[in-house]
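> just the structure for this:
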Amino acid sequence: MRHSLKRLAWAMIPMLSGCQTGTALDDYLPAGPPTVSGFPAAPPRNVKSVVVWGNDDRVAAAAASWLKEQGLTVYGRGRVQQVLDQSTAAETTPLINEAAVLNAVSEVGADAAVFADRVGDVRPPMVSVKGVDVRNGRLLWSGEARYETFYGLPNTEAMTVLTDAALMSAWGLQPKED
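The predicted structure is shown next:
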C-alpha cells in the first residue's frame, strides 16, 4: 500500500505542476478568439503578387497560405534572399532592414512586400502583419492579433490562428464562423 502511494504521488507531481502526462503545455490553444486591431482596407486592386517576409517561419508560412487563398501570387522568400545576399556582399555591415527587403522584392517583380512577424515575448504570443507597396513604399494595410492570456509556448496552430486573424483585420474581413 505504501509503495502504491509513492507511485501515485510521483504520477501526480507533473499534473499539479501544470504538466499533464501526454499533453504538453506547448499544445495549448486558448478557447477564445484573439484580440485584433488593424488598419482595415479593401485589398488593393493593383497588388497581384507579394513576397512574405518575417522573423518566424510559422507566421510567414501562415501568411503566405492565407494570401494565396485570397488569390494573390506569393513568390518564395528564397529569390528575395538571393538578391539580399548579393547586395549585402558588397557592404561591410550586412544588416537587412525593411528598405533593403523592399528593394529586393521589387527586383523579384512582386507588387508588395508583406511583413509578417511574431512580436514580443513568447507569452502571450502576438502577430503583426503589414503590406507595403514596393513602388512607392506606401503602407497598404496592417493588422495585429494577440491572445490576452496564453499558457505554454505557442505552437504552429496558435501562430496560424493569430496570423489569419491579423490579416483578416487588416483587410477588413470578418472572422469565419466555425
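> how about the residue nearest the centre of the chain, secondary structure?
Among the residues of the chain, V59 comes closest to the average C-alpha position under C-alpha atoms, centre = their mean, at 2.4 Å. Three-state call for V59 (DSSP: H, G, I helix; E, B strand; the rest coil): helix.
> so who does it touch?
A116, D117, R118, V127, M159, L162, T163 (C-beta atoms under 8 Å, 6 or more residues apart in numbering). In this view, the C-beta of every residue, glycine as well, is placed from N, C-alpha and C.
> element containing the first one, please.
Going back to what we said before, that points to A116. Using DSSP states H and E, A116 sits within strand 112-119.
> same check on Q82?
helix 77-89.
> list the buried residues of that helix.
R77, R79, V80, V83, L84 (16 or more other C-beta atoms under 10 Å).
> then stretch 142-160?
142-147, 150, 152, 154-155, 158-160.
> so which pair among these is furthest apart in space?
Within the buried residues of stretch 142-160, S142 and G152 form the most distant pair, 27.7 Å apart (C-beta to C-beta).
> gap between stretch 54-64 and the chain center?
How far stretch 54-64 lies from its chain's middle: 5 Å, per C-alpha atoms, centre = their mean, to the nearest Å.
> mind listing what's buried in it?
G54, D56, R58, V59, A60, A61, A62, A63, A64.
> got a list of what R135 touches?
Counted by C-beta under 8 Å, 6+ apart, R135 has contacts S106, D111.
> quick check, it in a strand?
No. Under three-state DSSP, R135 sits outside any strand and is assigned coil.
> so, low pLDDT: which residues of this structure?
Low-confidence segments of the chain, defined by pLDDT under 70: 1-29, 31, 41-42, 88-96, 121-122, 151, 175-178.
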